[in-house]
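Visitor: predicted model, plus sequence, below.
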Amino acid sequence: MSPSRSSSPLLRSATQNDAVHVAELYGQHVREGRATFELTPPDPAEIARRIADVQAAGLPYLVMMEDTRLLGFAYASAYRPRPAYRFAVEDSIYLLPEVQGRGLGRKLLQAIIEGATAAGRRQMIAVIGDSANSASIGLHQALGFTHAGQLRSVGWKHDLWLDTVFMQRALGPGDSRPPDD
C-alpha cells in the first residue's frame, strides 16, 4: 500500500522557519535557471531577512506546502525604493520544477495579487527574467497582466545574454482615483 498524499497543497504565510527550505528552492533557481539574475544563492539568514522585510512592509510572502515539503513560494515587494513608487509592487514566484503545470503558480500569484491589493497597492509589476520564459509570461497574462516592455540582453548568465520582460496589472482601483495617503 502506498502512502497517501495530501489532498491539496496548503498555502500559508511564510515564517522564519521556512527560510532554510526557501533558500534551498531559490538556490536551485539561481544555480540552474534564468528567471532570476542573481548569480550566488543567498543563505538562509539572508532569506529570513528578506521574508521579514517583505512582511514588515505589510506585503504577502507565501509558501505552498504539501505535508512538510515546500513546493513553491511567492511574494510581493516594493517595485522601487523611492517614495513616488510606494503604491507599486513587484511579484516573484518560484516552484519546484517537478510541480510546474499543476496550477500552483496560478494559486500563488492570485494570492499575492489579493494580498497586495488588501495592502493598498495599486499596480503590480512582473519583471520576468528571460523572454523565453513562456510559462511565466502565460501565467501573468492569464491573471490580467499586459505586456509593458522588454529590455534586450540586459543580463549575462549561463553564458547567454538574457532579456527582461515587463508586465503590469492594476490592483484595486488602479489609477482611477488618487490614493488615500
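Guide: Structure's in. What do you need?

Visitor: buried residues in the helix or strand hosting Phe166?
Guide: Here Phe166, judged by DSSP states H and E, is contained in strand 160-170. In terms of neighbour count (16 or more other C-beta atoms under 10 Å), strand 160-170 has its buried residues at 162-169. The C-beta positions use only the backbone N, C-alpha and C, and glycine is treated the same way.

Visitor: what's it packed up against?
Guide: Judged by 3 or more C-beta pairs under 8 Å, 6 or more residues apart in numbering; DSSP states H and E, the packing partners of strand 160-170 are strand 123-129, helix 134-142, strand 146-157.

Visitor: who touches the first one?
Guide: If I follow you right, that is strand 123-129. 34-37, 76, 79, 87-91, 112-113, 116, 136-137, 140, 145, 148, 155, 162, 164-171, 174-175 (C-beta atoms under 8 Å, 6 or more residues apart in numbering).

Visitor: repeat that for the last one.
Guide: Contacting residues not belonging to strand 146-157 are listed as 34, 37, 39, 125, 129, 131, 161-169 [C-beta under 8 Å, 6+ apart].

Visitor: this protein: strands as residue ranges?
Guide: 10-13, 61-66, 69-78, 88-95, 123-129, 146-157, 160-170 (DSSP state E).

Visitor: need the ones you listed in a markdown table with mean pLDDT and distance to Tyr26, can you?
Guide: Below are the strands of the chain laid out as a markdown table (pLDDT from 0 to 100; distance: least, C-beta to C-beta, whole Å):
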| stretch | mean pLDDT | distance to Tyr26 |
| --- | --- | --- |
| strand 10-13 | 97 | 17 |
| strand 61-66 | 98 | 12 |
| strand 69-78 | 98 | 8 |
| strand 88-95 | 98 | 6 |
| strand 123-129 | 97 | 13 |
| strand 146-157 | 98 | 15 |
| strand 160-170 | 97 | 18 |
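
Visitor: quick one: which of the ones you listed is nearest His29?
Guide: Comparison of the strands of the chain against His29 by C-beta to C-beta identifies strand 88-95 as nearest, at 5.4 Å.

Visitor: partners of that closest one in the sheet?
Guide: If you go by DSSP bridges, strand 88-95 pairs up with strand 69-78 (antiparallel), strand 123-129 (parallel).

Visitor: ok, which of those strands comes nearest Gly58?
Guide: Closest among these, using C-beta to C-beta: strand 69-78, at 9.9 Å.

Visitor: pull the closest one out as CSV, backbone CA atoms only.
Guide: Output of strand 69-78 as CSV, limited to C-alpha atoms (Å, rounded to 0.1, in the frame of the first residue of the first chain):
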residue,chain,number,x,y,z
ARG,A,69,7.6,19.7,1.6
LEU,A,70,7.9,23.2,0.2
LEU,A,71,6.5,23.2,-3.3
GLY,A,72,6.9,26.9,-4.0
PHE,A,73,6.8,30.4,-2.7
ALA,A,74,5.8,33.8,-3.8
TYR,A,75,5.9,37.4,-2.5
ALA,A,76,5.2,41.0,-3.4
SER,A,77,7.9,43.5,-2.7
ALA,A,78,8.5,47.2,-3.3
